[in-house]
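Chemist: Structure, please.
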Amino acid sequence: MVEYKHPVGESITGGYVHRGTAFPDEQGMYVFGDYVAGKIWTLRNTSTGWEQRLVMTTTWGISTFGVDGSGEIWAADHETGTIHLLGDLSK
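Modeler: This is a model prediction of the structure:
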């Protein structure tokens with residue numbers, strides 16, 4: 001189980017395991033966010049356990065994630081009605 005405290009965020013928005021090919025270093029990462037804080041994290045299962053990493057801080061009200069036909073992950077911003085391709089989150 002992975003959790004974070006309220007000063008970090010307030011409303012987890014579940015995501016997807018990355019299976020796309022455009023960013024091979026992301027293979028197997030679980031991507032999720034926080035609606036209120038606009039933050040996006042990845043989780044990766046390593047030999048020493050789950051590694052959680054903050055990869056983006058946005059101004060978005062992240063309401064959902066989606067996956068396109070190539071397996072790349074997108075995030076929807078409830079505040080503006082836009083969707084954003086997340087790109088390379090492995091760095």
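
Chemist: Contacts for stretch 39-52, please.
Modeler: For stretch 39-52, contacts defined as Cβ atoms under 8 Å, 6 or more residues apart in numbering pick out 2, 4, 8-9, 18, 26, 28-34, 53-58, 62, 75, 86, 89-90. Just so you know, the C-beta spots here come from the backbone N, C-alpha and C atoms, and that holds for glycine as well.

Chemist: Please pick the buried ones from those.
Modeler: Buried subset of these (neighbour count, 16 or more other Cβ atoms under 10 Å): 9, 18, 26, 29-34, 55-56, 58, 62, 75, 86, 89.

Chemist: can you give me the strands in this structure?
Modeler: Under the criterion DSSP state E, the chain contains strands at 12-17, 30-34, 39-46, 49-57, 62-67, 73-77, 82-85.

Chemist: I'd like these as TSV, with mean pLDDT appended.
Modeler: Compiled in TSV, the strands of the chain are given as follows (pLDDT from 0 to 100):
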stretch	mean pLDDT
strand 12-17	90
strand 30-34	94
strand 39-46	92
strand 49-57	91
strand 62-67	96
strand 73-77	95
strand 82-85	95
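
Chemist: and these, which is most packed in?
Modeler: Ranked by mean neighbour count, the strands of the chain are led by strand 30-34 with a mean of 21 (mean count of other Cβ atoms under 10 Å).

Chemist: So which elements touch that one?
Modeler: strand 12-17, strand 39-46, strand 62-67 (3 or more Cβ pairs under 8 Å, 6 or more residues apart in numbering; DSSP states H and E).

Chemist: And for it, what's in contact with it?
Modeler: Outside strand 30-34, the residues touching it (Cβ under 8 Å, 6+ apart) are 8-18, 39-44, 62, 65, 73, 75, 86, 89.
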